[in-house]
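1. here is the input, now give the coordinates:
(chains A, B and C)
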Amino acid sequence: MTLAELAARLEGELVGDGDLVVQGLAGVDAAGPGDVTFAETPRLLAAAEQSQALAVIAESGAVSAGKPLIRVPRPRLAFARALELFAPHWPAQAGLHPTALIGDGVELGEGVSIGAYAIIGDRVVIGPGAAIHPLVWIGAEVKVGPRTVIHPGARLHPRIEIGADCIIHSGAVIGADGFGFVPDETGRARKIPQIGTVIIADDVEVGANTTIDRATTGATVVGRGTKIDNLVHIAHNVQIGEGCLIVAQVGISGSVQVGDGVVFAGQVGVIDHVTIGTGARLLARAAIFGDVPAGATVSGTPAHLHTEQMRIEAAHRRLPEILRALRRLERRLAKLEETE
Amino acid sequence: MTLAELAARLEGELVGDGDLVVQGLAGVDAAGPGDVTFAETPRLLAAAEQSQALAVIAESGAVSAGKPLIRVPRPRLAFARALELFAPHWPAQAGLHPTALIGDGVELGEGVSIGAYAIIGDRVVIGPGAAIHPLVWIGAEVKVGPRTVIHPGARLHPRIEIGADCIIHSGAVIGADGFGFVPDETGRARKIPQIGTVIIADDVEVGANTTIDRATTGATVVGRGTKIDNLVHIAHNVQIGEGCLIVAQVGISGSVQVGDGVVFAGQVGVIDHVTIGTGARLLARAAIFGDVPAGATVSGTPAHLHTEQMRIEAAHRRLPEILRALRRLERRLAKLEETE
Amino acid sequence: MTLAELAARLEGELVGDGDLVVQGLAGVDAAGPGDVTFAETPRLLAAAEQSQALAVIAESGAVSAGKPLIRVPRPRLAFARALELFAPHWPAQAGLHPTALIGDGVELGEGVSIGAYAIIGDRVVIGPGAAIHPLVWIGAEVKVGPRTVIHPGARLHPRIEIGADCIIHSGAVIGADGFGFVPDETGRARKIPQIGTVIIADDVEVGANTTIDRATTGATVVGRGTKIDNLVHIAHNVQIGEGCLIVAQVGISGSVQVGDGVVFAGQVGVIDHVTIGTGARLLARAAIFGDVPAGATVSGTPAHLHTEQMRIEAAHRRLPEILRALRRLERRLAKLEETE
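-> So this is what the prediction gives:
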C-alpha cells in the first residue's frame, strides 16, 4: 500500500510523497524505515520525526520537520484503523471442520465457521458470520450472536447468551457455577444450585482465562461495549453496565451493581453487594468495600476518594517523621512542665 | 409442581393455597409472578411480600401479610433444596462418547460418563457415577472418586487423587508442577523436579481456571468439604483442612498449613510456610505475612487482627488531620517556649 | 538404586553404608525409612538426623550423628538432581498421535511428539525433541524450539516464538490480543488491532493458566531463563529480561520494561510504562506505581524501598497510639497555656 492509498483509507490529508510504500505500522519506539507511526501531540511528533519511521499520522494542522505526514483529527484512532488494514487474518476455519461435533437442533447462521475438535451442544443458536475456533466447548442451548468470535479453548456453559460482535478470548469460562453454599443442619457447606444464566450484550470483549459465573437465579449481565481483560473474575449475579473497561486480574464479588462507563484498573477488588456509580474510576489495586458514587475516582485499600487518598498517602510516608516529631514535642513539653 | 408439593418436598409447613403452580425460583429482587422466593428475617419477609413472588419460604412461625408461605427452620437451606428440584440437568454424556480416548488398564465404575474428545490416561481409576465432561484431560494413574464431576477442559495431571462427590470446574488445572528452582553453580535457576502429588478429599469444589500445584515430594492436600472459587492459586505442598471456603483470586504460597473451617475472602494472599489456625477468617484482600491463630479474624496489608486493623484504619484516614494537629502543637509549644 | 550409586551420580562423598537401597526422596518433614532427604545447615542436619530418613544429602564437611551422609558442596542443588533421577516420566506421546491435526507446511524436528487432539496450525515449526501434549492448540506460523514441552490445553496464538528447553504449563495462553482500545468519534471504545507478537527466549517456564499477550506492534518479550508461575498476567509490549522469577498472580501492565534477574513475589502488580531495574526485588503484594531502581528491594501499596516501608509500617501499627499521644499532648499543652 502506498502512503497516498493509506491517507485515502484513513480520510486524512497527505503531506509529502504519496508514492512511498508502507511496509508496516509501529509505535514510535519500534518503527523501522518502512513503518508508519503516529503522534498525538507536537512533542510526540518531534520524537516521531527523530525515529526511523517512513511517515507519521499526526493531528490536523501538524507541521512536519521533514517526514511525510497523514493529518487526521484523531491520530490514535486513525492508527487503530490503519492497524485494521494491516492486521493478518487468522480465520477459525473455512466452514465447519469435519471433526467439529454439532449437537441436535443446532441453528447455524450463514457463514459460520467452526474449528477442529470444537463441540456445539444441542439446540445452540449461532448467528451469521460467527467464528468458533478449535477446541471450544459450547454447552446446550447457548446463543451466540452474529460475527462473534470465540477463541480456542473458551468454554460457554449451557443456556447463556453472548451478543453480536463479541470477542471471547482463549480459555475464558463463561457460565460456570457461582460460588454459593449454605450450612446444612450439621454445619457442612451445602451447594446452592446455580440455575441462573449469563447474558453478555453486543460488542463485548472477554479476556483470556477470565471467568464469568452464572447467576444463582436470574442473570449475571455484562452491558454493551464493555471490555474485559485477562484473568478477571466476575461473580454470580453481578450487573455490569455499558462501555466499562475492566483491566486484568480485577475481581468483582457477587451481586455487585456497576453503572455505565466505569473503569476498573488492574487488580481492583470489589466486595459483594455494593453499587459502583456511572462513570466511576477505580484506580489500580483499589479495594472497594462500599458503594462508589457516580463519577468518583477512588484508590487505596480500603478505597477512598483519590484526592483524599493522596493526602493520606503523603502523610503515610511521613509516619516515621510524625513519630519523631511527637517524641520531640513530648520532651519539649515535659521540660516546660518541669519549669512550671 | 404445586406449592403443596414443594412444601412437602421441603418438609415445610404450608400456609395458603397449595394448588398454586410454582413456575420457578428467584431471589426477592428478580422474582416474577410464578416464582417462589425466600426470606430469612421478618424484615426480608416484608420485602418479599412486596415483590411479585407467588409465595415465600420463611422461618418457622413467620406470619404472612398475604402471600402463601412455606415455613421451615432454615429458609436459605430450604431454598437451596428447592433450587436442586428446579436445577436443569446437563449431563456430561450418556456413557462413553465414541471420540473419548481411554488409555490402557483404565478402570471405570458403573455409570461413568465420559464426554467427547476427553482423554483418559493409562491406569486411571474412575469411581461409579462420575461424569467426565468433554475436552477434559486426565493424566496417567489419576484416581477420581464416585459421583465426582469434572467440567469441560479441566486438566488433572498424572497420579493425583480426587475424592468422591467433588466438582472440578472448567479450566481448573490440578497437579501441574510447583514453582521450585535452585541456583546452579553458575547462578542460573535450575528446575527442582516436582515429583509429589495432589490429594483432594471428598466433597470438594474447585473453581474455574483455578490451579493447584503438585508437591515437590509428598502431597499438596485439600481437606474434605473445602470449597474453592475461581482463579485461586494453591502452591506446592500446601495442606488445607476440612470445610474451608476459599473465595476467588486467593493465592496460597508453598507449604502453608491451613486448619479446618478457615475462610479466605477474595484476593487474600498468604506467604509461604505459615500456619493458619482452625476457624480463622481472613477478610478480603488481607495479606498474610505470618501465622494466624485459630479463630482469629484478620484483615489489612500486612494483616493484623481485624479489631486492631479497624482502629489503625480509622487513624489512618485521619493522617492529614494528625499532621495538621502536630504542626499546631508545635506552634503553640514554640510560643510557650518563647514566653519562658 | 543404592546409596553408593546415588552418591556417585551426585558426585558426592559417601559416609556410611553404600549398599542401602534408596526407595525415594522427600523433604525432612515427610521422609520415610527408605527416603533420602537433604540438609543445608548443621541445624537442619540435626533435624534430618531425627527424621525417619535413610540418609541425608549434606554440605561438605558435615558430621553425621548416625545416619549415612552424601556430602556435596550444594545440598539443595544436589537434591534437585537426585529428584531428576527419581522423577517419573510421563511422555506426551510416542511420535504423532493419529488424532493430532497437523497443518500444511509444518516442519517437525526429529523426535517430536504430539498428543491426542492436539492441533498444529499451518507453517508451524517445531524443533527436535519437543513434546506437544494432548489438546494443545498451536496457531499458524508459530515457532517452538527444540526440547520444549507444551502441556495439555495450552494455547499458542499465531506467529509467536517459543525458544528451546521451555516448559509451557497447562492452560497457559500466549499471544492473545493485548487490551487496547481507543475512543471513536462517538466515544465508544474501538479495538486497536494487536498485530505484534510474543517472543519467549530459551529455558523459560510459563505457569498454568498464565496469560502473556501479544504486542500491539513489535513484540512482548520474555528473556532467557525467566521462570513464570501460575495465573500471572503479562500485558502487551512488556519487555522482561533474563533470569527473572515471577511468582503466582503477578500482573505486569503494558509496555513495562524489566531488567535481568528481577524477582516478583506473589500478587505483585506493576502499572504500565514503568521500568524495573536489574536485580530489583519486588516483595509480595507490592504495588508498583513508578520506576524501581536496579538492585532495590521494594514493598507495600504503593511500593517504597523496603527499609523505608518497614519503618512506615512500624509507625502505621502505632497509629491509634499516635492519636492518643496527640490528644494527651494537647491536653497538657492547654493546661500549660492556661497557667500562663
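
2. what about the residue in the stretch 1-150 of chain A positioned nearest to chain B, how many residues nearby?
-> Using Cβ to the nearest Cβ, A:Trp137 is the residue of the stretch 1-150 of chain A that sits closest to chain B, at 4.3 Å. Every C-beta, even on glycine, is put in place using the N, C-alpha and C of the backbone. By other Cβ atoms under 10 Å in any protein chain shown, the residues close to A:Trp137 number 30.

3. any idea of the pLDDT on it?
-> Confidence at A:Trp137, expressed as pLDDT, is 98.

4. skipping its backbone neighbours, what lies nearest it in space?
-> Using Cβ to Cβ, 6 or more residues apart in numbering or on different chains and skipping the chain neighbours, the partner closest in space to A:Trp137 is B:Pro152 (4.3 Å).

5. equivalent analysis for A:Leu333, please.
-> Nearest one to A:Leu333, counting by Cβ to Cβ, 6+ apart, is C:Arg332 at 5.7 Å.

6. just the element for the one you found, please.
-> helix C:319-339 (DSSP states H and E).

7. could you name the helices and strands sitting against that helix?
-> helix A:319-339, helix B:306-317, helix B:319-339 (3 or more Cβ pairs under 8 Å, 6 or more residues apart in numbering or on different chains; DSSP states H and E).

8. could you measure from the residue of the stretch 1-150 of chain A closest to chain B over to A:Glu49?
-> Taking Cβ to Cβ, to the nearest Å as the measure, A:Trp137 falls 51 Å from A:Glu49.

9. quick revisit: what's the residue nearest to A:Trp137 in contact with, if anything?
-> When contacts are counted by Cβ atoms under 8 Å, 6 or more residues apart in numbering or on different chains, B:Pro152 touches A:Ile119, A:Trp137, A:Gly139, A:Arg155, B:Gly115, B:His133, B:Pro134, B:Leu135, B:Val136, B:Ser170.

10. show me what the second one is bridged to.
-> Right, A:Trp137. A:Ile119, A:Arg155 (DSSP bridges).

11. quick one, what contacts it?
-> A:Trp137 touches A:Ala118, A:Ile119, A:Ala154, A:Arg155, A:Leu156, B:His133, B:Pro134, B:Leu135, B:Pro152, B:Gly153, B:Ser170, counting by Cβ under 8 Å, 6+ apart.

12. look up how far C:Tyr117 lies from it.
-> A:Trp137 is 12 Å from C:Tyr117, by Cβ to Cβ.

13. give me the common contacts of the two.
-> B:Leu135.

14. so the residue nearest to the spatial centre of chain A bridges to which residues?
-> For chain A, A:Ile228 is the residue whose C-alpha lies nearest the centre (Cα atoms, centre = their mean; 3.1 Å). Beta-bridge pairing of A:Ile228 under DSSP bridges involves A:Val206, A:Ile246.

15. do I have it right that it meets A:Ile200?
-> No: counting by Cβ atoms under 8 Å, A:Ile228 stays clear of A:Ile200, with 9.5 Å between them.

16. so for stretch A:288-301, mean pLDDT?
-> pLDDT averaged over stretch A:288-301 gives 97.

17. hmm, who's touching that stretch?
-> Against stretch A:288-301 from outside (Cβ under 8 Å, 6+ apart): A:259, A:268-271, A:274-287, A:302-307, A:309-310, A:312-313, B:284-285, B:300-301, C:301.

18. likewise stretch A:68-81?
-> Against stretch A:68-81 from outside (Cβ under 8 Å, 6+ apart): A:3, A:6-7, A:9-18, A:20, A:25, A:36-40, A:54-62, C:182-185, C:190-193.

19. okay, and which of the residues you listed map to strands?
-> Among those, DSSP state E puts A:13-15, A:25, A:36-38, A:55-59, C:182-183, C:190-191 in strands.

20. show me which pair in those is furthest apart.
-> A:Val15 and C:Lys191 (28.1 Å; Cβ to Cβ).

21. and the helix holding C:Arg332 with helix C:306-317, angle?
-> On the basis of axes from the mean of the first three to the mean of the last three Cα atoms, to 10 degrees, helix C:319-339 is oriented at 60 degrees to helix C:306-317.

22. which positions within helix C:319-339 qualify as buried?
-> Within helix C:319-339, the residues that count as buried by 16 or more other Cβ atoms under 10 Å in any protein chain shown are C:Leu319, C:Pro320, C:Ile322, C:Leu323, C:Ala325, C:Leu326, C:Leu329, C:Arg332, C:Leu333, C:Leu336.

23. I figured A:Ala53 hits A:Gly27, correct?
-> No: A:Ala53 is not in contact with A:Gly27 according to Cβ under 8 Å; the separation is 9.6 Å.

24. what about the two, which has more around it?
-> A:Ala53 (25 against 20).

25. against A:Gly66, how distant is the more buried one?
-> Taking Cβ to Cβ, one finds A:Ala53 at 11 Å from A:Gly66.

26. show me where the stretch 101-250 of chain A dips below the pLDDT cut-off.
-> Scanning the stretch 101-250 of chain A with the threshold set as pLDDT under 70 gives no residue ranges.

27. all helices of it, in order?
-> Applying DSSP state H, counting those that start in this stretch to the stretch 101-250 of chain A gives no helices.

28. could you tell me which residues of it lie near chain C?
-> Residues of the stretch 101-250 of chain A lying close to chain C (Cβ under 8 Å from any Cβ of the partner chain) are A:115-117, A:133-135, A:151-153, A:167, A:169-171, A:203, A:205, A:207-209, A:225, A:227, A:229-231, A:243, A:245, A:247-249.

29. from the residues you listed, keep the buried residues only.
-> Here, 16+ other Cβ under 10 Å leaves A:115-117, A:133-135, A:151-153, A:167, A:169-171, A:203, A:205, A:207-209, A:225, A:227, A:229-231, A:243, A:245, A:247-249 buried among these.
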